[in-house]
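Enquirer: Got a predicted structure here, sequence first:
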Amino acid sequence: MRFCAKSMLLSDWLFLVYVLMVCCKLLSASSHHPRGHTGQHQVKQGTCEVVAVHRCCNKNRIEERSQTVKCSCFPGQVAGTTRAQPSCVEASIVLQKWWCHMNPCLDGEDCKVLPDYSGWSCSSGNKVKTTKVTR
């Protein structure tokens, strides 16, 4: 018997799609951890961890980096940066945009708040790293 897609009825196609969806759901359900682990990871209270990192170069050959961070801060603290690492910092620093008060630069680097208060720059010699805060 030859299979011809043109001769299949709409109800046959719908049934085939339904069977495929059920099979996918069954495969998806069987791939979950038997103890119900959802893949979500708890971050220790008062700490942060990087969950995603992105790198690219713009047309001027300047490397641009961004990262997504997951934090579990104590009350009165928010996600910030200390010595070029994600950390929990006092909320007032971020609210008032006193970026350099969280000590975001490495030892030996000078911190300067950007003129529009959107972030800070860390400089050492002729090397400048600029950080802009996005939410």
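Expert: Perfect, thanks for sending it. Small disclaimer: the values here were computed from a predicted structure and weren't measured. Numbers count the residues shown, from 1 in each chain.

Enquirer: In stretch 67-76, which residues are buried?
Expert: Neighbour counts using 16 or more other Cβ atoms under 10 Å place 69, 70, 71, 73 of stretch 67-76 among the buried residues. To be clear about C-beta, it is placed using only N, CA and C from the backbone, and glycine gets the same treatment.

Enquirer: which one of those residues is nearest residue 119?
Expert: Lowest distance from residue 119 to these (Cβ to Cβ) belongs to residue 69, with 15.0 Å.

Enquirer: Now name the helix or strand holding that closest one.
Expert: Residue 69 is part of strand 63-72 when elements are defined by DSSP states H and E.

Enquirer: immediately after that strand, which helix or strand?
Expert: Later in the chain than strand 63-72, the nearest helix or strand by DSSP H and E is strand 77-82.

Enquirer: In terms of secondary structure, what does that following strand contact?
Expert: On a contact count with 3 or more Cβ pairs under 8 Å, 6 or more residues apart in numbering; DSSP states H and E, strand 77-82 meets strand 63-72, strand 85-90, helix 91-95.

Enquirer: Could you report the neighbour count for the closest residue in space to residue 57 that isn't next to it in sequence?
Expert: Nearest non-adjacent residue to residue 57, counting by Cβ to Cβ, 6 or more residues apart in numbering: residue 63, 5.5 Å away. Applying other Cβ atoms under 10 Å, we find 9 other residues in the vicinity of residue 63.

Enquirer: Could you measure from residue 63 over to residue 124?
Expert: Going from residue 63 to residue 124 by Cβ to Cβ, to the nearest Å gives 16 Å.
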